[in-house]
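Engineer: Structure, please.
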Amino acid sequence: MPALSPSCFLVSAFESPLNFTLKLRRTCPLGYFPCGNLTFCLPQLMHCNGIDDCGNQADEENCGDNNGWPHLFDKYFGMPSHNARTKSNVCLLGVVPELCLCRDLELDCDGAHLQDIPVVAMNVTMMSLQRNGLQKLRANIFFKYQSLQKLYLQHNKIQDVSPDAFRGLYNLTRLYLSNNRISVLMPWVFRDLHKLEWLILENNNIHQISPTTFSGLNSLVLLVLLNNSLTKLDDICREMPRLNWLDLEGNLIEVIGNASFSSCTMLTVLVLQRNRISYVHEQAFSVLQKLGELDLSRNRLAGIPPNLFVLLEDLLQLNISYNPIMELQVDHFDKLHKLKSLSIEGIEIGNIQRRMFEPLKYLTHIYFKKFQYCGYAPHVRSCKPNTDGISSFENLLANIVLRVFVWVVSATTCFGNIFVICMRSYIRSENKLHAMCIISLCCADGLMGIYLFMIGAYDLKFRGEYNRHAQAWMDSSQCQVIGSLAMLSTEVSVLLLTYLTLEKYICIVYPFQYLTPGWRRTVTILLGIWVFGFIIAFLPLVCKGLFRNFYGTNGVCFPLHSEQPETLWAHVYSVVIFLGLNLVAFLIIVLSYASMFYNIQRTGTQTTKYSNHIKKEVTIAKRFFSIVITDSLCWIPIFILKILSLLQVEIPGTISSWVVIFILPINSALNPILYTLTTRPFKETIVQVWANYRQRRPLLSRHPAHHPSLTWQEMWPLQENSHSVSVGQEFEANGTKPKLTPVENTNEGGTCTCLYCQQNLTSVNSISFKFVHLSSSYLPSV
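Structural biologist: Residues are numbered from 1 along each chain as shown. Take a look at the predicted model:
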């Protein structure tokens, strides 16, 4: 751990705290910060993380961002008054209205259901009339209360304020008119309020003020016009030379001209958040040389003039978050030497580089849209966000469970699919077309295992320092390629499962009309599915101008959900794939299996000769349920996530990471089990291999090894027990011996087993039960 030089503690008594702090920083390597007066440094990610890593709590001190208005408020308004006299608990106002409280010279009539200003002694100093039914302030209504210092009129229904309403209030210092229905303030309405310091007008509907509206407010330091309907500003400070704090948040201002604040030379806090500002003149803030906080967040600024901040040398906090700014100039912040807090959340900085923030030597807090940007400000002690829910400063996969299970799931997926491919290739199948479909499905699912393996490998590569490589990784061709592999695996698997399900559905529901697909048709369909999958997966890479960084929106390179603004093409494309193609495929699979189960159940109920019908039906139901439930577990959460994203609901990144690592690969990991490893032919083949091995073992020393020819019996179902009755036995019992022609068309893993019978079949019941028997034998078991 880097150590501090002892010389850094030999500080002159006259050295400023800022210079001392800067000297301490310079003794630590870039990206490390000192532990108070201890002789070692800790990296950025270990400061303000809620853990005492230094041992003396130094890394958890000063973590709150108190720059800007909290600091300035205490500086200008937090000083106690030395002239305040001790208040008496006795009412000195004589008789007061019912439901009102009196203490000393103060009157509290909050919630007293008053319809007009109450009549009390003239020497009242504070009058609180909040939450009453006042609708109008008539002329001279407060004239006789010239000793009044504080007047609270919030939460009434005041609509009209007479120009002479506040006449005679020469000693008033606080006036609260918030949460009323005022729409217009006439000129000269505050002309007698020469000592007024605070004027609070928030949450009204004020849409019109003139430069003379605030005439007489020579002592005003705080003006709050939050949540009104102002559309323009014309030298708003002209009649308020001492104005220190101006809050214009939540209005309808569209343009800030060069004269909007030309008289606001004493201004230290300017809040313009949540307006409609699309243009700011380059000289708009040129006279605000004492400004300590500037908030331009949540407006419509597409760009910032190059010299807008040049003269704001005393600025401590700057917030330009959530504007549609696409690019920041490298030297935008060069003159902000005292800046301590910078917020640029919600802004995609395509040209981001360290040079942008290096001049900000005293910067202690910085807020980005993506935590990956923190790598470009390593000298800033507190950088937010620390994570996107998927990755963290240290690791590509933030959660230890994810880091472990990405290997478990990738190994399970790869091994299971490779094993099935090898077994299908080794054991001869009488239905080679069906085997080809299953091998194709395993190849698609195997790609998901490769994708997860690559994510795990890069997580190991970046372990402990991911933030240094995060942005480069998400922009890299490697991230794009493995993301497209995951998309290819997902879409090809979905299309193949849909095709196999439809094959099975047609065979079971229409067994006597179904024609088995030939070699050419099957190969054509499989090639078409793979080509279509490649187009879906790699189109965003080919058309980067339309899709931008489609796969690089997060550390796992899968475009399931993005907090970043997508292009129209990328947004539509993502919705069409996940809520169009995949949702339709999912519904086809679910409805097809439901229809198959219904037909098998209905056919089975026609048979009364066999007592194990109910047992067969339950087995079929369990097998159908296993297929449908795995598809549901995989796709329903993804559909919900995509719909919430479409509705612009905030989705934690942690949910996306768990979906990608655990839920998305469910089908890829379980398909080999459901469609091969648990099917009756596979089980019988394994039992046959094991039995042959045990029989040959005693003879190995006396006879040369003999390798039996293993055949995957997919044409006829293997009988389960002695209760199974062959087709021939059934017809013999009925006195007929029809000629049956078996046709290859298996039900295992995606198609079904059918019997084409000649027209001399006469026993409906025996055929019906055999239909149930054939169907149940080759459905994936549980």
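Engineer: List the contacts of stretch 185-200.
Structural biologist: Where contact means C-beta atoms under 8 Å, 6 or more residues apart in numbering, the residues beyond stretch 185-200 that reach it are 154, 161-163, 165-178, 201, 206, 208-210, 212-224. In short, each C-beta sits where N, CA and C put it, glycine included.
Engineer: Among the residues you listed, which ones are in strands?
Structural biologist: If you go by DSSP state E, these have 161, 174-176, 222-224 in strands.
Engineer: Take those and lay them out in TSV including neighbour count and distance to K335.
Structural biologist: Formatted as TSV, the ones in strands among the contacts of stretch 185-200 follow (neighbours: other C-beta atoms under 10 Å; distance: C-beta to C-beta, whole Å):
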residue	neighbour count	distance to K335
V161	21	43
R174	16	37
L175	22	37
Y176	21	38
L222	19	28
L223	21	27
V224	21	29
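Engineer: Which pair in those residues has the greatest spatial separation?
Structural biologist: Taking C-beta to C-beta, the two most distant members of the ones in strands among the contacts of stretch 185-200 are V161 and L222; they sit 19.3 Å apart.
Engineer: one step back: just put the ones in strands among the contacts of stretch 185-200 in JSON lines and tack on distance to I438.
Structural biologist: JSON lines is the format used below for these (distance: C-beta to C-beta, whole Å):
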{"residue": "V161", "distance to I438": "81"}
{"residue": "R174", "distance to I438": "80"}
{"residue": "L175", "distance to I438": "80"}
{"residue": "Y176", "distance to I438": "76"}
{"residue": "L222", "distance to I438": "75"}
{"residue": "L223", "distance to I438": "74"}
{"residue": "V224", "distance to I438": "70"}
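Engineer: so which of those residues would you say is closest to L527?
Structural biologist: Taking the ones in strands among the contacts of stretch 185-200 together and measuring to L527 by C-beta to C-beta, the closest member is V224, at 68.8 Å.
Engineer: ok, that closest one touching E202?
Structural biologist: Yes - using C-beta atoms under 8 Å, V224 makes contact with E202 at a distance of 5.1 Å.
Engineer: so what sits against both of those two?
Structural biologist: Residues within reach of V224 and of E202 at once, by C-beta under 8 Å, 6+ apart, are 178, 247.
Engineer: Now the buried members of the contacts of stretch 185-200.
Structural biologist: 154, 161, 165-169, 171-178, 201, 206, 209, 213-217, 220-224 (16 or more other C-beta atoms under 10 Å).
Engineer: list the contacts for Y573?
Structural biologist: 539-540, 547, 550.
Engineer: Which of these ranks first by neighbour count?
Structural biologist: Neighbour counts for the contacts of Y573, by other C-beta atoms under 10 Å, peak at F550, which reaches 25 neighbours.
Engineer: Need the nearest residue in space to that residue, chain neighbours excluded.
Structural biologist: P540 (3.7 Å; C-beta to C-beta, 6 or more residues apart in numbering).
Engineer: host element of the one you found?
Structural biologist: Element membership of P540, judged by DSSP states H and E, is helix 519-542.
Engineer: Ok, I686 next?
Structural biologist: helix 680-696.
Engineer: so what secondary structure elements neighbour that helix?
Structural biologist: Contact analysis of helix 680-696 by 3 or more C-beta pairs under 8 Å, 6 or more residues apart in numbering; DSSP states H and E lists strand 711-712, helix 764-778 as its packing neighbours.
Engineer: and those, which one's lowest on average pLDDT?
Structural biologist: If the helices and strands packed on helix 680-696 are sorted by mean pLDDT, helix 764-778 sits at the bottom with a mean of 39.
Engineer: Now do the helix holding P540: everything it contacts.
Structural biologist: For helix 519-542, contacts defined as C-beta under 8 Å, 6+ apart pick out 433, 436-437, 440, 444, 480-481, 484-485, 487-488, 491-492, 495-496, 499, 517, 547, 550-551, 559, 570, 573, 577, 581.
Engineer: rerun that using 7 Å as the cut-off
Structural biologist: If you take C-beta atoms under 7 Å, 6 or more residues apart in numbering as the criterion, helix 519-542 is touched by 433, 436-437, 440, 480, 484, 487-488, 491-492, 495-496, 499, 547, 550-551, 577.
Engineer: For that helix, C-alpha coordinates in PDB please.
Structural biologist: Extracted in PDB, the C-alpha atoms of helix 519-542 (Å, rounded to 0.1, in the frame of the first residue of the first chain):
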ATOM      1  CA  TRP A 519     -34.000 -35.000 -46.000                       C
ATOM      2  CA  ARG A 520     -34.000 -32.000 -48.300                       C
ATOM      3  CA  ARG A 521     -36.800 -30.200 -46.500                       C
ATOM      4  CA  THR A 522     -35.300 -30.700 -43.100                       C
ATOM      5  CA  VAL A 523     -31.900 -29.500 -44.100                       C
ATOM      6  CA  THR A 524     -33.400 -26.500 -45.800                       C
ATOM      7  CA  ILE A 525     -35.400 -25.600 -42.700                       C
ATOM      8  CA  LEU A 526     -32.400 -26.000 -40.400                       C
ATOM      9  CA  LEU A 527     -30.200 -23.900 -42.700                       C
ATOM     10  CA  GLY A 528     -32.900 -21.300 -43.000                       C
ATOM     11  CA  ILE A 529     -33.100 -21.000 -39.200                       C
ATOM     12  CA  TRP A 530     -29.300 -20.700 -38.800                       C
ATOM     13  CA  VAL A 531     -29.100 -18.100 -41.600                       C
ATOM     14  CA  PHE A 532     -32.000 -16.100 -40.000                       C
ATOM     15  CA  GLY A 533     -30.300 -16.300 -36.600                       C
ATOM     16  CA  PHE A 534     -27.000 -15.000 -38.100                       C
ATOM     17  CA  ILE A 535     -28.900 -12.100 -39.600                       C
ATOM     18  CA  ILE A 536     -30.600 -11.200 -36.400                       C
ATOM     19  CA  ALA A 537     -27.400 -11.500 -34.300                       C
ATOM     20  CA  PHE A 538     -24.900  -9.700 -36.600                       C
ATOM     21  CA  LEU A 539     -27.000  -7.100 -38.300                       C
ATOM     22  CA  PRO A 540     -26.300  -4.600 -35.400                       C
ATOM     23  CA  LEU A 541     -22.500  -5.100 -36.100                       C
ATOM     24  CA  VAL A 542     -22.800  -4.500 -39.800                       C
END
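Engineer: among the helices and strands of the protein, which one scores worst on average pLDDT?
Structural biologist: strand 755-757 (a mean of 33; mean pLDDT, DSSP states H and E).
Engineer: ok, now which ones touch N323?
Structural biologist: Counted by C-beta under 7 Å, 6+ apart, N323 has contacts 299-301, 347.
Engineer: List the ones among those residues that fall in strands.
Structural biologist: Per DSSP E, those never map to strands.
Engineer: Need the max-distance pair from these.
Structural biologist: Pairwise distances across those peak at 13.0 Å for R300 and I347 (criterion: C-beta to C-beta).
Engineer: Of the two, which one has the most company?
Structural biologist: I347 (23 against 12).
Engineer: any idea how far G464 is from the spatially closest residue to the more buried one that is not a sequence neighbour?
Structural biologist: Once flanking residues are discounted, I347 sits nearest to I325: 5.1 Å by C-beta to C-beta, 6+ apart. Shown here: I325 relative to G464, a distance of 33 Å by C-beta to C-beta, to the nearest Å.
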